[in-house]
Every structure is written in C-alpha cells, then in structure tokens.
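Enquirer: quick one: sequence plus predicted model below, questions after.
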Amino acid sequence: MNFNFGEVLARAWQITWRYKSLWLAGIVISLIGFLSVPINMTLNPSFGSFADPSEVSRQLPAILLVNGLIILLSILSIPVYAIGMSVPSLGTLQVEKGNEKVGFGELVRASFPYFWRVLGIFLLVSAAVFSVAMVFTACIAFAGVLTFGVGAILCAIPGLLISIPLWILVYAVMEQGIAAVLVDDLGFSGALQRAWELVRKNFGAMILMSLIIYLGSMIVGMLVSIPMLIPAFGFMTDMLRTGAASEPDPELMQAYLRNMMWWMLAFSPLYAVLQGILLSFMQSAWTLTYLRLTRNPKLQPLPEEATA
C-alpha cells in the first residue's frame, strides 16, 4: 500500500510542537538519568585516593554505594521509560480522535492500564537485543583469540553491517507492538503478532521510517550534545600542552571530571527539553505509522494556531 512519509512526519511534528505537554515525559526521563551526576559528585572518592591500596580498601564501601545507587536508578528508570513512551503515543491518539485538550497528568493515568504490556514488550525486545549482542561479541572475541585478531576484524565488519538492518526491524516491531497495545488494546502476544505482520507486509516503509526517525534523532542529539563536550576539549588541550607522555595527574583528572559534571548539570535543563521533544516526536510518528497502516483515517486538522 502507498505510505505517505511526508504526511506522517509533518503531522507528528505538528502534534509535538502544538501540544508541549507531551514533552514532559521525555524531560522527566532525561532528568532521572542526570541524577547519577550529583551522586557521583557527592559520594565518589577522589582519584588521588586510588594510589594508596589501604585508601582504596577504606573507600570501597563508598565506591560500592555509588555504583549500587546508579544501578538501582537505572532499574527504576525502566518503568518510568515505559510510561514515558506511552504518554506521547496516547496523546497522539487523542489528538487524532479530535480531542483538543491533552493534559500530561491525564495521559499518565491513562497509561496505567497498558503499563505491564508495554513494559513487557520493551523488556522482551531489550533482552533479546542484549543477548544477541553478547553472543555476537563473544564470537568475535573467540575468533580473535584463534586467529590473533585477524578473524575478529574479518567477522566484525560484516557482522555490524548485517546487524544494523536487523536492529532496525526489531525496534520497529517493538514500536508497532506498543502502538498496537495503546491503540487497539491488544494483549501481549496479540500486539507482537500484529506488529510483526505490519513490519513484514510493509518492510520497505518500516526500514525507511526507522532510518528517518532514529538517524534523524541521533544527529540532532549529537549536535546539541557538542556544547557539553567543551570541558573535554579543554582537558585534551591541557594534556597536549603539559605533555601526553607524562604520568597522569590524579588531581588534574579529578578537577576535569568535576568540571565536566558541573557543566553537564548546567546543560541538563536544555538537554532534557530536547529529549522531551525528540521522544514526543518519535512516539507520535510511530503511533501515526500504526494508524495509517491499519486504518488510514481522514486527517483531523489541528487548530489554526498550531501552524502559526
């Protein structure tokens, strides 16, 4: 069937820009990720203490505490991310139905009945991708050991080229499965089956849509992240000036990392807003893709001020 990429992407951006309450989901997720920065700043021991073995032993509880808190934070962020993916999708669905009032709190509450199914699809796909990546890495390492590194190079490049379209399709299935849950209230297995059928029947459209969404978002994210790397450029300049061959100065490294963390915290509000916009646009685009492929409804125009 014909699929109008321009209409879907333009509509997704129109909804994203008009309904800024949808940004809050990505903003909350991004700010939770930045919580690891103050944890590191306040609890992590200094690099200078690692030079003394007895000091390392004394600081071991603090090191374990920091890493434990960061791991716990990562685990707790997973269900938040599942809700965050649902909010823009549900908001897009409501707008397409003609609802002009899209509130963040209302969308969060509306996502609760779908929470476990969305979380299950996200965890299943993430675990599958992680498992395949670990097996692939182990095979590359084993080939490298047997062939003194030659086999690793020969296998890694073709493997990466093959894996890119595979990952794209896997994530397309995940996004369409989540859309099937939120739009049609399908069960876990039914949503995945519907998603696989859509991807299989619209293979080219899914590949192109994935490339547009993910590569576009990646490029925008990289461009906005450049200011956050300014301290890294300064550190590299200092290293070149003082001599890269000299022994690293623990105090210099500590000062660099602390400056880097302060810089990240200073840019965290701007970066969080960007992530909110990107997440809203991505989920809106995937939801519209599902709607167009399963229903192809007549477009509901937004109010005039949306295009202003």
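Expert: Here it is on my side, so go on.
Enquirer: point out where the stretch 201-308 of the chain drops to low pLDDT.
Expert: In the prediction, the stretch 201-308 of the chain carries residues with pLDDT under 70 at positions 228, 231-255, 296-308.
Enquirer: please enumerate the helices of it.
Expert: If DSSP state H, counting those that start in this stretch is used as the criterion, the helices of the stretch 201-308 of the chain fall at 203-210, 216-225, 230-242, 250-294.
Enquirer: I'd like those as JSON lines, with distance to Val8 appended.
Expert: C-beta coordinates here come from the backbone N, C-alpha and C atoms, glycine included. As requested, the helices of the stretch 201-308 of the chain are arranged in JSON lines below (distance: least, CB to CB, whole Å):
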{"stretch": "helix 203-210", "distance to Val8": "8"}
{"stretch": "helix 216-225", "distance to Val8": "13"}
{"stretch": "helix 230-242", "distance to Val8": "37"}
{"stretch": "helix 250-294", "distance to Val8": "5"}
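Enquirer: mean neighbour count and distance to Gly177 added to those helices, as TSV?
Expert: As requested, the helices of the stretch 201-308 of the chain are arranged in TSV below (neighbours: other CB atoms under 10 Å; distance: least, CB to CB, whole Å):
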stretch	mean neighbour count	distance to Gly177
helix 203-210	17	12
helix 216-225	13	20
helix 230-242	13	38
helix 250-294	19	9
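Enquirer: for these, which one sits closest to Gly190?
Expert: Distance to Gly190, taken as CB to CB, is lowest for helix 250-294 among those, at 13.2 Å.
Enquirer: next, the angle from that closest one to helix 203-210.
Expert: Computed with axes from the mean of the first three to the mean of the last three CA atoms, to 10 degrees, the direction of helix 250-294 lies at 140 degrees from that of helix 203-210.
Enquirer: now do the contacts for Ala133.
Expert: By CB atoms under 8 Å, 6 or more residues apart in numbering, the contact set of Ala133 is empty.
Enquirer: re earlier: closest one to Trp23 among the helices of the stretch 201-308 of the chain?
Expert: Comparing the helices of the stretch 201-308 of the chain against Trp23 with CB to CB, the closest turns out to be helix 250-294 (3.4 Å).
Enquirer: if we can go back for a sec, mind checking which of the helices of the stretch 201-308 of the chain is nearest Leu24?
Expert: helix 250-294 (6.4 Å).
Enquirer: run the angle between the closest one and helix 216-225 for me.
Expert: On the basis of the same axes, to 10 degrees, helix 250-294 is oriented at 150 degrees to helix 216-225.
Enquirer: who touches Trp286 in this structure?
Expert: With the criterion set at CB under 8 Å, 6+ apart, Trp286 makes contact with 89, 175-176, 178-179, 209, 213.
Enquirer: out of the helices of the stretch 201-308 of the chain, which is closest to Leu93?
Expert: Nearest of these to Leu93, taken as CB to CB: helix 250-294 at 6.2 Å.
Enquirer: how far off centre is the closest one?
Expert: 8 Å (CA atoms, centre = their mean, to the nearest Å).
Enquirer: if we can go back for a sec, what's the closest of the helices of the stretch 201-308 of the chain to Val108?
Expert: Counting by CB to CB, Val108 lies closest to helix 250-294 out of these; the figure is 13.9 Å.
Enquirer: other residues contacting stretch 197-214?
Expert: Stretch 197-214 is touched from outside by 1, 3, 5, 8-9, 165, 168-169, 171-173, 176, 281-282, 285-286, 289-290, 293-294, with contacts defined as CB under 8 Å, 6+ apart.
Enquirer: for it, how far is the first residue from the last?
Expert: Start and end residues of stretch 197-214 are separated by 21 Å (CA to CA, to the nearest Å).
Enquirer: can you start the count at 18 instead of 1 from here on
Expert: Right, with 18 as the first residue, what we last looked at is stretch 214-231.
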